[in-house]
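Chemist: Mind looking at a prediction? Sequence and model below.
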Amino acid sequence: MSIRPMIQGFGPLNTSSGSWKRFSEGLFLYTHGMPLYDNDIFHQSPLLLPVFALIPPWCHPHVFVALDLAIAVALYSIAHRQPHLEPLAHLPTSPPLKSLRQPTYTDGHDIHDGQDQPAHDIVLVDRCGGGLAWTPTLVSLAFLFNPLSILSCLAMDLGAIERFSLAVGAATASHGDSIWSSLLLAVAFQHGGGLHTLCFIPILALIQRRATQLSGMALIPGMTIQVGAWLGVCAMLYVQIMGLDVATIAKATIGFGLHVTDLAPNIGVWWYFLQEVFEHFRDLFVFVFQAHVLLYIVPVLMRFGKELPIFSLTVYLGVTATLRAYPSVGDYALWFAFIPLYANTWKYYRYSFLSLTLFLFTSLLFPTMYLLYSHLHSGNANFPYALTLLVCAAATMMQSDVLHGMLVRTHSSTVKHEVARRVQRAVLEMDDESGDEDVHEVDAGVAADQEKATDGGLRNRGAPASKKEAKQAGAAEDMAEKDKAEVEPFGDYPSVVMYFEE
């Protein structure tokens, strides 16, 4: 017996907006020339209906395998480009500096000669390293072998179209391509069923900004216009080729996600609140829930958008996976796939054990509670809702760990590099001062030796034997006095001794 028919009706794997059974119904209506949206079953975009109509039914599961492989390739590309686009995320937590100057002794010996180290020498330990790092191959394999992505592929969740569009759109934006990114965002918007997809426009524009060094104030409106243009092209295709009404399509697809009319249990929290709320308060709750998802994009971009746009994408993927109207396990799988890009922040996580334990607990217990409520009718809505609260709590703790880890790491890196820069400047100034003193002491010693040698020679020899010898002695004495009075500056900086003599 195949496992696919068993899990295709499972709420956490196939939501109302991405159910393959509902899409199969729409495909049947399309191939037989019947109206698509005169019922409350089909709520997907008609964009893929001509494509799946041309593919044999036995090849339909392979389409989702190909989508997951394309997401893995996109993750590989993003992981390969991410260190170049986000250098701040890979700064070493300790300054990558060896000893700023090799410690030597006053007699010129090295540190390994067994002498005492001078007190004024400062030695910095070379403790560079950005922490744990995953290769692009490991990032791709982590997504492909994630049990959540495997189950989503087996269930043939139509949400894979949105996830494919976002991942590949981010990969193309990391290479500076705005045309394909805007096209894929338009596709994601039609299959996402909510306004939260539009919040990825500024994120992908900022990723493109890091790749092209262009102005973000120009790229964000430009990409918004391009997404609108692609949506207009799709509307023309629906009207001219498929003979559909754009208003009907928008009401059945985007309107379905905005009004949240289907309240079947999923791993989100909207369905339970909208079941229990009074009808005259329903519109207020829907508005608050929709605005709640959209508001997070502002602080995320204000804090991380300029230097860490891919991290902003990671954070907002977690926000949408937790707070959207119809979430599925595939949304969490894509979010988890981006977290290994910042494995060097894992050591700063505070609740990793608790969040992973809650995810494991809910993944094992949720199928039982869902079947008791939806199929066996031996429980009430509190059974699956209690576990959805645990899922949201675990996701919130993991999201807080992701944010806390990046904030601590970037702050630690920048502060330590600033301290290292100041220490380096202080040590170099100390080197200049000690070098000045050594040079002047050596010059003064040489001049004194020459003076003693001259005086001693004259005393031992008595009076000069000739005028020539007296003249040579006088020249040597004058040279010694001149060397004693004139002291050269050390390097580019005048010495303290010269100031005193002047």
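Modeler: Done, it's in.

Chemist: Now do the contacts for Gln290.
Modeler: Gly194, Leu195, Leu258, Ala325 (Cβ atoms under 8 Å, 6 or more residues apart in numbering). Placement of C-beta: from N, CA and C, glycine included.

Chemist: Name the nearest of these relative to Ser45.
Modeler: Gly194 (12.9 Å; Cβ to Cβ).

Chemist: circling back to that earlier point, save the contacts of Gln290 as a markdown table, and put in secondary structure and pLDDT too.
Modeler: Formatted as a markdown table, the contacts of Gln290 follow (DSSP: H, G, I helix; E, B strand; the rest coil; pLDDT from 0 to 100):
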| residue | secondary structure | pLDDT |
| --- | --- | --- |
| Gly194 | coil | 80 |
| Leu195 | helix | 86 |
| Leu258 | helix | 88 |
| Ala325 | coil | 89 |
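
Chemist: Check those residues and tell me the two furthest apart.
Modeler: Leu195 and Ala325 (10.5 Å).

Chemist: related to what we said a few turns ago, and the contacts of Gln290, which are buried?
Modeler: Buried by 16 or more other Cβ atoms under 10 Å: Gly194, Leu258, Ala325, out of the contacts of Gln290.

Chemist: Next, the first one: phi, psi?
Modeler: This points to Gly194. When read as degrees, to the nearest 10, the backbone of Gly194 gives phi -170, psi 160.

Chemist: Tell me the one among the contacts of Gln290 nearest to Val298.
Modeler: Leu195 (14.2 Å).

Chemist: hmm, back to that, got the contacts of Gln290 as CSV, with distance to Ile150 columns?
Modeler: As requested, the contacts of Gln290 are exported to CSV (distance: Cβ to Cβ, whole Å):
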residue, distance to Ile150
Gly194, 26
Leu195, 30
Leu258, 31
Ala325, 25
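
Chemist: Going by distance to Leu354, which of the residues you listed wins?
Modeler: Ala325 (27.0 Å).

Chemist: which residues does that closest one contact?
Modeler: Ala325 neighbours (Cβ under 8 Å, 6+ apart): Ser17, Gly193, Gly194, Gly257, Val260, Gly268, Trp270, Phe289, Gln290.

Chemist: Okay, and which of the residues you listed map to helices?
Modeler: Gly257, Trp270, Phe289, Gln290 (DSSP state H).

Chemist: Quick one: buried ones out of those residues?
Modeler: Of the ones in helices among the contacts of Ala325, these count as buried by 16+ other Cβ under 10 Å: Gly257, Trp270, Phe289, Gln290.

Chemist: Point me to the helix or strand that includes the closest residue to Ala186 other than its chain neighbours.
Modeler: Computed as Cβ to Cβ, 6 or more residues apart in numbering, the closest residue to Ala186 that is not its neighbour in sequence is Trp230, at 3.7 Å. According to DSSP states H and E, Trp230 maps onto helix 216-240.

Chemist: in the next helix or strand after that helix, what's buried?
Modeler: Using DSSP H and E, the helix or strand that directly follows helix 216-240 along the chain is helix 246-252. Across helix 246-252, burial judged by 16+ other Cβ under 10 Å covers Ile249, Ala252.

Chemist: Trp180: what's it in contact with?
Modeler: Val168, Gly169, Thr172.

Chemist: Could you tell me how far the last one is located from Leu214?
Modeler: Applying Cβ to Cβ, to the nearest Å, the value for Thr172 to Leu214 is 15 Å.

Chemist: neighbour count winner among these two?
Modeler: Neighbour totals were compared for Thr172 and Leu214, and Thr172 leads with 23 against 15 (other Cβ atoms under 10 Å).

Chemist: Distance of that one relative to Ser182?
Modeler: 9 Å.

Chemist: try His292
Modeler: Per Cβ to Cβ, His292 is found 26 Å from Ser182.

Chemist: Which one of the two is surrounded by more residues?
Modeler: Ser182 (27 against 11).

Chemist: out of the ones in helices among the contacts of Ala325, who's nearest Glu25?
Modeler: For the ones in helices among the contacts of Ala325, with Glu25 as the reference and Cβ to Cβ as the criterion, the closest is Gly257, at 18.4 Å.

Chemist: what residues are up against the closest one?
Modeler: By Cβ under 8 Å, 6+ apart, the neighbours of Gly257 are Ser17, Gly192, Gly193, Gly194, Ala325, Tyr326.

Chemist: 10 Å - rerun?
Modeler: For Gly257, the contacting residues are 16-17, 43, 192-197, 290, 324-326, by Cβ atoms under 10 Å, 6 or more residues apart in numbering.

Chemist: Ile7 now?
Modeler: Leu13, Asn14, Leu151, Ser152, Leu154, Ala155, Met156, Asp157, Pro367.

Chemist: ok, so of the residues you listed, who is nearest Ile3?
Modeler: Nearest to Ile3 among the contacts of Ile7 is Leu154, at 6.4 Å by Cβ to Cβ.

Chemist: With adjacent residues omitted, what lies nearest to the closest one?
Modeler: Using Cβ to Cβ, 6+ apart, the closest residue to Leu154 is Arg4 (5.6 Å).

Chemist: circling back: need the ones in helices among the contacts of Ala325 in a markdown table with pLDDT, can you?
Modeler: Shown next, in a markdown table, are the ones in helices among the contacts of Ala325 (pLDDT from 0 to 100):
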| residue | pLDDT |
| --- | --- |
| Gly257 | 86 |
| Trp270 | 89 |
| Phe289 | 90 |
| Gln290 | 90 |
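
Chemist: Tell me which residue is most central in the protein.
Modeler: Taking Cα atoms, centre = their mean, the centroid of the chain lies closest to Phe311, which sits 2.4 Å from it.
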